[in-house]
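Colleague: give me a model of this one.
(chains A and B)
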Amino acid sequence: MTERPTFTLKGDTGDWEIVLGLEVHAQVSSNAKLFSGASTQFGAEPNQNVSLVDAAMPGMLPVINKFCVEQAVRTGLGLNAQINKISRFDRKNYFYPDLPQGYQISQFEHPIVGEGVIEVDVEPAHGDPAYSFPVRIERLHLEQDAGKSIHDMDPNATYVDLNRSGVALMEIVSKPDIRTPLEAAAYVKKLKSIVVALGTCDGDMEKGNLRADVNVSVCKPGAYEKFRETNDFGELGTRCEIKNMNSFRFIQAAIEHEARRQIEIIENGGSVDQETRLYDPDKGETRSMRSKEDAHDYRYFPDPDLLPLEIDDAFIEGIRVNLPELPDQKRARFEKDYGLSRYDAGVLTSDAESASFYETVAKGRDPKLAANWVTQELFGYLNKAELELADSPISAVQLGGLIDLISGEVISGKIAKDVFQRMIDGEGDPADIVEKHGLKQVTDTGAIEAIVDEVIAANPEQAAAVKEKPKTMGWFVGQVMKASGGKANPQAVNKILREKLGL
Amino acid sequence: MSELTKLTLTGALEGLENGDFSAVELTQAFVDTIEASNQALNAYVVTTPDQALTMAADSDARRSAGNAGRLEGAPLGIKDLYCTKGVRTTACSNILGEFTPTYESTVTQNLWDEGAVMLGKLNMDEFAMGSSNETSRFGPPSNPWRRGSGNATLTAGGSSGGSATAVAADLCLAATASDTGGSIRQPAAFTGTVGIKPTYGRASRYGMVAFASSLDQAGPIAKTVTDAALLTEIMCSHDAKDSTSLDVETPDWLSHVNKGVKGMKIGVPKEYRVDGMPQEIEDLWQKGIEWLKAMGAEIVDVSLPHTKYALPAYYIVAPAEASSNLARYDGMRYGARVDGENLTGTYEGTRAGGFGAEVQRRLMIGTYVLSSGYYDAYYLRAQKVRTRILQDFETVFADVDALLTPTCPSAAFAYGEKTDDPVQMYLNDIFTVTANLAGLPGISVPAGVDNDGLPLGLQVIGKALDEATCFQVAGAIEEAASFVAKPDKWW
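Modeller: Below you'll find the predicted structure:
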């Protein structure tokens, strides 16, 4: 695997590096909320999914949703992390109208999942090849989401929708192991692929079901290595937290802007204030949300309405034995069983749909040819067209059919690209397209011989010269293919040309 | 008919069973008495006569159909802390405005399921914070008892002052109450009634307005130990809606009341002999010891060395939890609201206007002790003290079956006597908070009167889940004391 590249930003005083740690909030896929029986259905009318507990009516008490605990443990296992058999819920106290209890139930001191590690794959970019690197997970804890304050419905009032209030979230906290904007996005992508594969979060970033807070700091080259040796955060710069980002593009842009802002402050003799910031994608900048001085004193303490959460080995093992194949396992299998490169295998296993699509295409066919057609042609097209795989105009069965036509020498690879384009244009099954447009490869030697004879006769000078320079035969191949409308079998053309030209 | 209201719960149930009177007749007697007396006593803050008579008529129908529950037709009063569907519930705080729940607390539902009849909601200290019931938004109830030497109005104790007053003045057969630091036992002691706080987790907290979640526990105030045992059996249940509710069977406590104490070992903790305690209370405690000895129990001197830290620890833990539990009263969704210029102004106006002075004091203490930088020194340390107090009890309970102490360091006091100094008021909880901090059952039983003729109570503290022994010892004291004094009716 390729070396991890160093990422630097140029400042007036020299090079700067960045250090990133992420807190990802993933909404637990569950039918009911974390501590109430209310539905989590998206898109309900405002305040329809609200129980007495969610509205914090007097005397109402939280009762843990066991399924959400299972989902957290499942995710912990997917992150190769320590599962804590005893964890505890704490109250994080602050006043806000969309927080009916006046506190959020979270896990502060004793999270349900402890340390873990995942391997993150970075795509080739900026001339750097693909590479992978490990990110250590610090913890995963369960907590409640707040409701939603709507400020733009009325100039003089704020409306509150409590549908989200009490929905279960997993907060996944990384160690500061991420060093570039691209790595940060790749890390979130990897987390997303894991939780989606596990079925513990739908990963829908547009709905905010997966969102990231990024801690950004900058330092001079060498400081980070010292930090890793000593674990002394004093080696690193002061960090700012950019809240609530739900797109890979914004994550990268926000980090870059924030790092440059910090460098500018330091180089102008100032110092970075530890604070929470928001990214404004329209202006392409981050702005202060609240400073450390304004930070709430959350007065964390153990929630006396809930007993410590105890789970046993049988509970954990019951979940472990039913884990689905995870993206990393799938990639290893693709490398081994299909003989694919690590990168191709990684691309194909980044989500369950791609992997399943590929496996349908590859079944009983040349796996490498299948991988090329899926990743290069189809994914290439989808990316350009900004389409999801689910919206692909070509089904896996159809793409398999196209590969069959190539392998069966019914059409050449070149013609196949034509057919592929026609499939995209909605002309239907590849065999029908070939039939309809008469694209079948010409393997009839007689017909090819006739074309070859014509071409040689029309180009006597080249025919004489080719004997001295056999490499120029390629020109004749091109001419013959052109004359055949691309349909002549290239192997047959080669063979007959050689004979006729006396090579 | 007013004689009916003087019946005990058990006696009334017998009369109903025998057909001596109907539930409607019994309920009407209470409705009339309440109407005549409540203005003077201020025990009820909501009366529900129509609902009571409807429930009574339904009860009579069930009884004649042969479907009588264990409390069939028994008119009860409900502390205003319990959410009652369709009946205003404010925990006697202005901040809840005219809040009327759409749901029923588990404890009260258990009572209705056994056929009980609701007479109304009983007065209490605001959010159960107080030892005299003076913090109620509706003003305090008046203790039916008065000193022989004067006409000063006395407190019925707190926070369940309304419950104790109603039971002592025959305004209900028995009442629900709740106990966070002594709020059942102290009012019972002040009014010559019986009150028990069961083991933490025995009764569901679902639908009880929360004060301090790890200490709050439901229990009854009743006229006799037998009545208390019956009511406790029905109030307690495992409830999936309360995560701290214990998944245990509720035993037949009623059968333990008359079993006697022969062969039992009763501990007498020396740390409960505090400076400045009136001699009469000391004497009563000694009398209790003699009674139990005479009935065949062995008395053992024991030590609970961390007792002196209990009160300070309690006044950290309880306000801390309250400061968080009461954050929901923000004027946004229900209850009273005072609009301000902006969000902060609305919060400040609502909470400053809605909470009384004592509640505000405790919310500030609680917020302070949980603050970053102070948490370890106060809250965490108080929790450690709590562990030590529990260990003290576990150590002595390895050797004894129950502990005997006075319930309070004084008899009922007059209004205004302790209100100027909150610490003086807090000291009234000194013998009762330990059971809450350790989660143990404690019962107060009337055992005599002081020189002024005011009732005094003895407390029996039992092992966790051993309410049976508490009822057994309290039953023996009740029998030995043969406490029959009743307040002279002045109201």
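Colleague: near chain B, which residues of chain A?
Modeller: Residues of chain A found near chain B, taking C-beta under 8 Å from any C-beta of the partner chain as the criterion, are A:52, A:55-64, A:91, A:93, A:95, A:97, A:100-103, A:158, A:160, A:297-301, A:304-307. To be clear about C-beta, it is placed using only N, CA and C from the backbone, and glycine gets the same treatment.
Colleague: buried subset of these?
Modeller: A:52, A:55-64, A:91, A:93, A:97, A:100-103, A:160, A:298-301, A:304-306 (16 or more other C-beta atoms under 10 Å in any protein chain shown).
Colleague: take the residues you listed and keep only those in helices.
Modeller: The members of those all map outside helices under DSSP state H.
Colleague: where does the chain dip in pLDDT?
Modeller: Unless you meant another one, I'm taking chain A. A:1-2, A:292-294 (pLDDT under 70).
Colleague: ah, I was thinking of chain B
Modeller: For chain B, applying pLDDT under 70 flags the ranges B:1-2, B:419.
Colleague: for chain B, which helix is longest?
Modeller: helix B:23-41.
Colleague: how far off centre is that one?
Modeller: Mean-position distance between helix B:23-41 and its chain equals 22 Å (C-alpha atoms, centre = their mean, to the nearest Å).
Colleague: mind listing residues that contact the next helix or strand after it?
Modeller: Going down the chain from helix B:23-41, the next helix or strand is strand B:44-47, by DSSP states H and E. With contacts defined as C-beta atoms under 8 Å, 6 or more residues apart in numbering or on different chains, strand B:44-47 is touched by B:31, B:34-35, B:38, B:77, B:80, B:87-88, B:90, B:92, B:119-123, B:136, B:138, B:162, B:166, B:171.
Colleague: distance from the centroid: which residue in chain B tops it?
Modeller: residue B:341 (41.0 Å; C-alpha atoms, centre = their mean).
Colleague: for stretch A:496-503, output the C-alpha coordinates as PDB.
Modeller: Extracted C-alpha coordinates of stretch A:496-503, given in PDB (Å, rounded to 0.1, in the frame of the first residue of the first chain):
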ATOM      1  CA  ILE A 496      -5.500 -12.300 -42.400                       C
ATOM      2  CA  LEU A 497      -3.500  -9.100 -42.700                       C
ATOM      3  CA  ARG A 498      -0.300 -10.900 -41.600                       C
ATOM      4  CA  GLU A 499      -0.900 -13.600 -44.200                       C
ATOM      5  CA  LYS A 500      -1.800 -11.200 -47.000                       C
ATOM      6  CA  LEU A 501       1.100  -8.800 -46.300                       C
ATOM      7  CA  GLY A 502       3.500 -11.700 -46.000                       C
ATOM      8  CA  LEU A 503       4.600 -10.900 -42.400                       C
END
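Colleague: in three-state terms, label whichever residue of the stretch 201-350 of chain B sits closest to chain A for me.
Modeller: Among the residues of the stretch 201-350 of chain B, residue B:327 lies closest to chain A, at 2.3 Å counting by C-beta to the nearest C-beta. Under DSSP: H, G, I helix; E, B strand; the rest coil, residue B:327 falls in the helix class.
Colleague: that one reaches residue A:102, doesn't it?
Modeller: Yes: here residue B:327 lies in contact with residue A:102, judged by C-beta atoms under 8 Å, at a distance of 2.3 Å.
Colleague: now for the two: what residues contact both?
Modeller: A:93, A:95.
Colleague: still on that earlier bit, element containing the residue farthest from the centre of chain B, please.
Modeller: Short version, using DSSP H and E: residue B:341 is in no helix or strand.
Colleague: which residues are in contact with it?
Modeller: Contacts of residue B:341 (C-beta under 8 Å, 6+ apart): none.
Colleague: just residue B:84 next, same as before
Modeller: Residue B:84 touches B:78, B:101, B:104-105, B:108, B:118, B:121, counting by C-beta under 8 Å, 6+ apart.
Colleague: of the residues you listed, just the buried ones, PyMOL syntax please.
Modeller: Entered in PyMOL, the line below selects the buried ones among these, by 16+ other C-beta under 10 Å:
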select buried, chain B and resi 78+101+104+105+108+118+121
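Colleague: show me the contacts of residue B:84 that map onto helices.
Modeller: Using DSSP H, the contacts of residue B:84 in helices are residue B:108.
Colleague: and which of the contacts of residue B:84 is nearest to residue A:83?
Modeller: When the contacts of residue B:84 are ranked by distance to residue A:83 (C-beta to C-beta), residue B:105 comes first, at 36.7 Å.
Colleague: pretty sure the closest one sits against residue B:208.
Modeller: Yes: if you go by C-beta under 8 Å, residue B:105 and residue B:208 touch, sitting 5.6 Å apart.
Colleague: name the residues contacting each of these two.
Modeller: Counting by C-beta under 8 Å, 6+ apart, the common neighbours of residue B:105 and residue B:208 are A:59, B:82-83.
Colleague: on that earlier part again, contacting chain A as well, which ones from the contacts of residue B:84?
Modeller: When contact is defined as C-beta under 8 Å from any C-beta, these meet chain A at B:101, B:105.
Colleague: can I get the contacts of residue B:84 in a markdown table with distance to residue B:11?
Modeller: What follows is the contacts of residue B:84, written out as a markdown table (distance: C-beta to C-beta, whole Å):
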| residue | distance to residue B:11 |
| --- | --- |
| B:78 | 21 |
| B:101 | 32 |
| B:104 | 28 |
| B:105 | 27 |
| B:108 | 23 |
| B:118 | 20 |
| B:121 | 25 |
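Colleague: residues contacting the nearest residue to residue A:465 once chain neighbours are set aside?
Modeller: Spatial nearest neighbour of residue A:465, excluding adjacent residues (C-beta to C-beta, 6 or more residues apart in numbering or on different chains): residue A:472 at 6.6 Å. Contacts for residue A:472 (C-beta under 8 Å, 6+ apart) come out as A:462, A:465-466.
Colleague: so among the residues you listed, which ones count as buried?
Modeller: Applying 16+ other C-beta under 10 Å to these flags A:462, A:466 as buried.
Colleague: out of the contacts of residue A:472, who's nearest residue A:329?
Modeller: Nearest to residue A:329 among the contacts of residue A:472, with distances taken as C-beta to C-beta, is residue A:466, at 54.0 Å.
Colleague: do I have it right that the closest one meets residue A:501?
Modeller: Yes: using C-beta under 8 Å, residue A:466 is in contact with residue A:501, at 5.5 Å.
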